[in-house]
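**Q** Have a look; sequence and predicted model below, questions after that.
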Amino acid sequence: AQSVSQHNHHVILSEAASLELGCNYSYGGTVNLFWYVQYPGQHLQLLLKYFSGDPLVKGIKGFEAEFIKSKFSFNLRKPSVQWSDTAEYFCAVMNTGFQKLVFGTGTRLLVSP
Amino acid sequence: DGGITQSPKYLFRKEGQNVTLSCEQNLNHDAMYWYRQDPGQGLRLIYYSQIVNDFQKGDIAEGYSVSREKKESFPLTVTSAQKNPTAFYLCASSPPGLEYNEQFFGPGTRLTVL
């Protein structure tokens, strides 16, 4: 069965610090990869996604993620975080051809002003 | 406005009572999903439906039931058989076609069983 690991459960950063959240998955076939974000009191929303092509994908609000197939990883990055990035971040994986998402356990990010 | 609505936002029930959570979408999506979110456990799939009148169990279906009589509606019933029903429940939908695997989420219902 597929599984997704997010290594950091809680991250605390100061504004302007750089962010990298780890995500590793277990499935060996072709996958689609996602990062979702849940801001306090808001819907879960898509941050970015990878289906194919350039392994470096850019999402909303200055976030980007790099798919490294050999490492089964899809880490999320942002060069300079803002207080408004305080949220919970979820990595998710779907094997192609089947619309079932498997989520990681999430990372709570707190950015202090 | 297109989107997914879930009602109610907060729900309180006594132990032993069945409760039904509503999920409606006007995005014309074929597939709909129910997830449960618990602190530190991420989202876990309860049930999903890829087409009207058809649905499949997810990873944690025990104690839950669903129906899909209309394309736009996918209600979830939390039965008294669910041992730990207090949680945040999220409904999602996705459009047809393999190239559109993104799921869109509703605002969620927080269920508390007293």
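**A** Here it is on my side, so go on.
**Q** my guess is residue A:84 is in a strand, correct?
**A** No. Counting by DSSP: H, G, I helix; E, B strand; the rest coil, residue A:84 falls outside a strand, being helix.
**Q** Please give the element, helix or strand, for the spatially most central residue of chain B.
**A** Geometric centre of chain B, nearest residue: residue B:34, 2.8 Å, by Cα atoms, centre = their mean. Here residue B:34, judged by DSSP states H and E, is contained in strand B:31-38.
**Q** So for that strand, mean pLDDT?
**A** For strand B:31-38, the mean per-residue pLDDT is 95.
**Q** List of residues touching the helix or strand just after that strand?
**A** On the C-terminal side of strand B:31-38, the nearest following helix or strand under DSSP H and E is strand B:42-51. With contacts defined as Cβ atoms under 8 Å, 6 or more residues apart in numbering or on different chains, strand B:42-51 is touched by A:4, A:6, A:44, A:90, A:92, A:99-106, B:30-38, B:55-61, B:64, B:66, B:68, B:74, B:76, B:89-90. All C-beta spots, glycine's among them, are computed from the backbone N, C-alpha and C.
**Q** and if you look at stretch A:43-54?
**A** Stretch A:43-54 is contacted from outside by A:32-39, A:57-61, A:63-65, A:67, A:74, A:76, A:89-90, B:43, B:90, B:99, B:101-102, B:105-108, using Cβ under 8 Å, 6+ apart.
**Q** Get me the contact residues on chain B for chain A.
**A** Residues of chain B found near chain A (Cβ under 8 Å from any Cβ of the partner chain) are B:31, B:33, B:35, B:40-45, B:48, B:50, B:58, B:90, B:94, B:98-99, B:101-103, B:105-108.
**Q** Restrict these to the buried ones and give me that as a PyMOL selection.
**A** A single PyMOL command is used to select the members of the residues of chain B next to chain A judged buried by 16 or more other Cβ atoms under 10 Å in any protein chain shown:
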select buried, chain B and resi 31+33+35+42+43+44+45+48+50+58+90+94+101+102+103+105+106+107+108
